[in-house]
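1. give me the fold of what follows.
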Amino acid sequence: MLDNESLRAQADSIKELAEERGLENNFFFITTFERYLVQLDILDDLKAGIEEEGTTVTKEYVKGRGNLYTNPAINAFNRTTDSANKTVTTLLRILNGSGAGKKKEEVDPLLELINGSDEE
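-> Sure, this is the predicted structure:
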């Protein structure tokens, strides 16, 4: 597994790629990328919880009897993983389909606005 320093370096590389494509001010890129980083932090926390508590937990009821259940963090981890994967797909669409690289006159004014252009 990659350490946090390696992950942060890769995140910086993604930001540089976005800048090269003119997306550093793109609302959708910025918010989606931020969301993805939060999802990664959540996954780290859930993973640590699962490693600490194990894959099963015991719930005790009124009479002191315990029942064994799957750790609820596993379901949360799986749901967050699915969401993070969808977020990556969205990021790739933004990075690859932004109209970056087109000549200035070919870019739709709406796309310019969406991509964070401050020209009027």
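2. hey, let's count contacts and neighbours off CA atoms from now on
-> Fine.
3. poorly predicted segments of this protein, please.
-> 1-2, 98-120 (pLDDT under 70).
4. and the lengthiest helix in the chain, what does it pack against?
-> Using DSSP state H, we find that the single longest helix of the chain is helix 27-53. Applying 3 or more Cα pairs under 8 Å, 6 or more residues apart in numbering; DSSP states H and E, one finds that helix 27-53 contacts helix 72-96.
5. can you point out the buried residues in the helix it packs on?
-> Residues of helix 72-96 classed as buried by neighbour count (16 or more other Cα atoms under 10 Å): 73-74, 77, 80-81, 84, 87, 90-91, 94-95.
6. residue 59: which of these is nearest?
-> If you rank these by distance to residue 59 using Cα to Cα, residue 73 comes first, at 14.2 Å.
7. residue contacts, the closest one?
-> Going by Cα atoms under 8 Å, 6 or more residues apart in numbering, residue 73 touches 46, 49-50.
8. which of those residues has the most neighbours?
-> residue 46 (20 neighbours; other Cα atoms under 10 Å).
9. what separates that residue from residue 53, distance-wise?
-> When distance is defined by Cα to Cα, to the nearest Å, residue 46 is 10 Å away from residue 53.
10. tell me which residue is most central in this structure.
-> The centroid of the chain falls nearest to residue 36 when counting by Cα atoms, centre = their mean (1.5 Å).
11. that residue and residue 87 touch, don't they?
-> Yes - Residue 36 is in contact with residue 87 according to Cα atoms under 8 Å; the separation is 6.2 Å.
12. run a quick neighbour tally on residue 23.
-> Residues lying near residue 23 (other Cα under 10 Å) number 24.
13. distance check, it against residue 89.
-> Taken as Cα to Cα, the span from residue 23 to residue 89 is 16 Å.
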